[in-house]
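A.B. asks: show me the folded form of this:
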Amino acid sequence: MSFLILLLSLLFVFEGHSSAQGIPSVCAGDQTTLTDSLTITVKNQVLHKLDPRLFGQFMERPAFSGEIGAEAAVVPDTHRLQAKAEKLIREMQIPVLRFPGGTDVDFQDWTDMVDDVPGRAEAARPISRPRGNPVSNAFGYDEFLQLCERNGSEAILVVNFRDGLLNVRPLEEAAAHAAALVAYCTGVLDQKLPPSLAPWVRLRAKNGHPSPYRVNYIQIGNETWMFNPEVEKGFSSDPLGHWHHCLRAYIKAILAVDPTVKIILDAQPAPVVVKVHEEFKDAIYGYAVHAYTPWGIGKVEKAGEVVELAKLSAEEIWNAWVAVPAVDTKGQALLEDHNFPQARALGYKISMTEWNWNGWWAANKDQAALDSLFAKGIGAASYLHAILRQGDLITLATQSMLVGSCWPIDSIRVDKDNNRPAYMMPSGIVTTLYSQNHGAEMLAVDLSNAEFYHQPYKMGQLGPAEKVAYVDVIATKSTRELTVHMINRRFAGNQTVAIDCSAFKVKPEAVELLILDGRLNDEPQPGEPSSPARIRRETISFKGNRLELELPPRAIVFAKYSL
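C.D. replies: From the prediction side, this is the model:
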């Protein structure tokens, strides 16, 4: 067997890693010589289109558990993001960006995030206290939308729906206040608007942006299903009718200001969605579903019995954490949700405006053999495979969350005091890798000689799973490229794979490999970079239409062919 490996360069977005980490390269063979290889046959069969908006990010400003999100990246006494944080955001090439919340948005007045609001005691932005927790509002709507303009990202703004739904304000007033945000952002100076809305357009011009911003999407409320007990109690005679009446008021008020904006609503309550879809149809871009796994792991169970955390090996924990959110009969990543069947039956789309591998040891953390951001990042890749497999239904997704200072789901980690440069976290590196290296079509693949492992443990919402494939595979295609995306879940040992692309006219001299690997320790040792994950590139040549590879353990490998 002959091998040709040429290391080209590190992907420009990410920091370099020391070669002393002992992570093997990907090896490529020019002929099929191993009969027990996992064989991946890529079929010339399009399963569905893949929307680039599946690789979005959520720029949240939470105000609880010590995390303040984007506010942590603001240079003190300014409205500017730290230079390194903004550089990383730009290099991620984010297609769609959601702002500002999150649960907090339903407990906050949007005017706190703009300057010189008429009637406010001070021109400066106040400290807001959604749900009692302070947040500075230093990074507001103007800063966010100008960031989107600079980077070419589509914008999703989330408006407060709780005020109208729970009668915090009279419904008409609450809907008009949400519409005022749309007027502030997208209104034209000579636009004919009601007297209550026109001043907001002039205020935006006064604040330095006479031309309208482009707001592509408005999401009405966030996880509004949480308010259902209050709705059922306060409007017991017809709670579902009340939901529909309130949504209808918001939709009409917003579209009256900007009929081009796309509306996103929560996918619940399901009967209300049916009525809204019947009335507004394509005016509603998508219905929001949020997906996180596994949440807090307070105990580990096996066959209903509690297992001492100290008795689990690092490999056993890894095997559970990378098999998310679930697996199908072939051991491949699977995403299911009780909202999906109705969406498919009625023909509307899902917008997954929050998702991530989100979990932590809620008890006995010091006894765990593994607590790794890199493991969570590989889990996020498995989650992303599951989302892409539903790409005919899910047309937009935003990973939570883009910038933060302490949550393990941050894509970019910042130091609030700016003493340590911002850096990419594994889950953000994963989504960026897929966002910048995918095709527009999802292809069918056949797998033979696949190997599996049994994952017997229940950890929070994780597992157990009878049969998890060691390698999770999808394939995507664009006009000029074919990409095979492989997650090697093996904790140790290389994985031999053979990729059969004989259904396509690939160019053997133009195969590129992208390899994401990393370390299990979160905090860097001397000489190690801040991020536990890295991406590197290799190019290989081979003969024929069958490529044999040795995938390193705990890694994501893309094989990119030119067509």
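A.B. asks: can you tell me the SS state at T111?
C.D. replies: helix (DSSP: H, G, I helix; E, B strand; the rest coil).
A.B. asks: next one: the one 4 residues further on
C.D. replies: Counting by three-state DSSP, the backbone at D115 sits in coil.
A.B. asks: show me where the stretch 151-300 of the chain has its helices.
C.D. replies: Under the criterion DSSP state H, counting those that start in this stretch, helices of the stretch 151-300 of the chain are mapped to 162-165, 171-186, 198-206, 228-234, 239-257, 270-280.
A.B. asks: make JSON lines from the ones you listed and add mean neighbour count, mean pLDDT and distance to A498 to it.
C.D. replies: Where C-beta positions appear, they are placed from N, C-alpha and C, glycine not excepted. Shown next, in JSON lines, are those (neighbours: other Cβ atoms under 10 Å; pLDDT from 0 to 100; distance: least, Cβ to Cβ, whole Å):
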{"stretch": "helix 162-165", "mean neighbour count": "24", "mean pLDDT": "98", "distance to A498": "55"}
{"stretch": "helix 171-186", "mean neighbour count": "22", "mean pLDDT": "98", "distance to A498": "52"}
{"stretch": "helix 198-206", "mean neighbour count": "18", "mean pLDDT": "97", "distance to A498": "58"}
{"stretch": "helix 228-234", "mean neighbour count": "13", "mean pLDDT": "97", "distance to A498": "52"}
{"stretch": "helix 239-257", "mean neighbour count": "20", "mean pLDDT": "98", "distance to A498": "52"}
{"stretch": "helix 270-280", "mean neighbour count": "17", "mean pLDDT": "97", "distance to A498": "45"}
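A.B. asks: of those, which approaches G428 most closely?
C.D. replies: Smallest distance to G428 across those (Cβ to Cβ): 26.3 Å, for helix 171-186.
A.B. asks: hmm, H177 and V168 touching each other?
C.D. replies: No - between V168 and H177 there is no contact under Cβ atoms under 8 Å: 10.6 Å.
A.B. asks: can you tell me the closest non-neighbouring residue to E230?
C.D. replies: Spatial nearest neighbour of E230, chain neighbours left out: L166 (5.6 Å); criterion: Cβ to Cβ, 6 or more residues apart in numbering.
A.B. asks: you'd agree the one you found is up against K233?
C.D. replies: No - judged on Cβ under 8 Å, L166 makes no contact with K233 at a distance of 10.1 Å.
A.B. asks: run a quick neighbour tally on the residue nearest to Y141 when sequence neighbours are not counted.
C.D. replies: The shortest distance from Y141 to any non-neighbouring residue, by Cβ to Cβ, 6+ apart, is to M113 (5.3 Å). Residues near M113, counting by other Cβ atoms under 10 Å, number 25.
A.B. asks: check I394 too.
C.D. replies: I394 has 27 neighbouring residues, counting by other Cβ under 10 Å.
A.B. asks: per-residue pLDDT of it, please?
C.D. replies: Looking at I394, its pLDDT reads 98.
A.B. asks: for it, list the residues it contacts.
C.D. replies: Contact partners of I394, counting by Cβ atoms under 8 Å, 6 or more residues apart in numbering, are 54, 349-352, 387.
A.B. asks: ok, which pair from those residues is furthest apart?
C.D. replies: Maximum pairwise distance among the contacts of I394 (Cβ to Cβ): 13.1 Å, between K349 and I387.
A.B. asks: need the residue closest to the centroid of this protein.
C.D. replies: By Cα atoms, centre = their mean, the mean C-alpha position of the chain lies nearest to Q399, the distance being 1.6 Å.
A.B. asks: A strand includes it, no?
C.D. replies: Yes - counting by three-state DSSP, Q399 falls inside a strand.
A.B. asks: E230 and R162 touch, don't they?
C.D. replies: No - using Cβ under 8 Å, E230 makes no contact with R162, being 9.0 Å away.
A.B. asks: and this structure, what are its domains?
C.D. replies: Using automatic domain parsing, the domain parsing of the chain gives 6-49+441-562, 100-148+155-266.
A.B. asks: make a markdown table from those domains and add distance to T431 to it.
C.D. replies: Output for the domains of the chain, formatted as a markdown table (distance: least, Cβ to Cβ, whole Å):
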| stretch | distance to T431 |
| --- | --- |
| domain 6-49+441-562 | 11 |
| domain 100-148+155-266 | 16 |
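A.B. asks: weakest of these in terms of mean pLDDT?
C.D. replies: domain 6-49+441-562 (a mean of 85).
A.B. asks: so P552 versus H438, what's the distance?
C.D. replies: Distance, P552 to H438, by Cβ to Cβ, to the nearest Å: 21 Å.
A.B. asks: ditto for N521
C.D. replies: Using Cβ to Cβ, N521 is found at 30 Å from H438.
A.B. asks: between these two, who's got more neighbours?
C.D. replies: With neighbours defined as other Cβ under 10 Å, N521 and H438 compare such that H438 has more, 24 against 13.
A.B. asks: doesn't L50 make contact with the more buried one?
C.D. replies: Yes - applying Cβ under 8 Å, one finds H438 in contact with L50, separated by 6.4 Å.
A.B. asks: okay, and the common contacts of these two?
C.D. replies: T476.
A.B. asks: now do the helices in this structure.
C.D. replies: Assigned by DSSP state H, the chain shows helices spanning 83-92, 141-151, 162-165, 171-186, 198-206, 228-234, 239-257, 270-280, 314-321, 340-346, 373-389, 426-435.
A.B. asks: of those, which is nearest S478?
C.D. replies: Smallest distance to S478 across the helices of the chain (Cβ to Cβ): 13.3 Å, for helix 426-435.
A.B. asks: please name every helix or strand in contact with the closest one.
C.D. replies: helix 83-92, helix 373-389, strand 394-400, strand 507-518, strand 533-540, strand 555-562 (3 or more Cβ pairs under 8 Å, 6 or more residues apart in numbering; DSSP states H and E).
A.B. asks: report the buried residues of it.
C.D. replies: Within helix 426-435, the residues scored as buried using 16 or more other Cβ atoms under 10 Å are 426-435.
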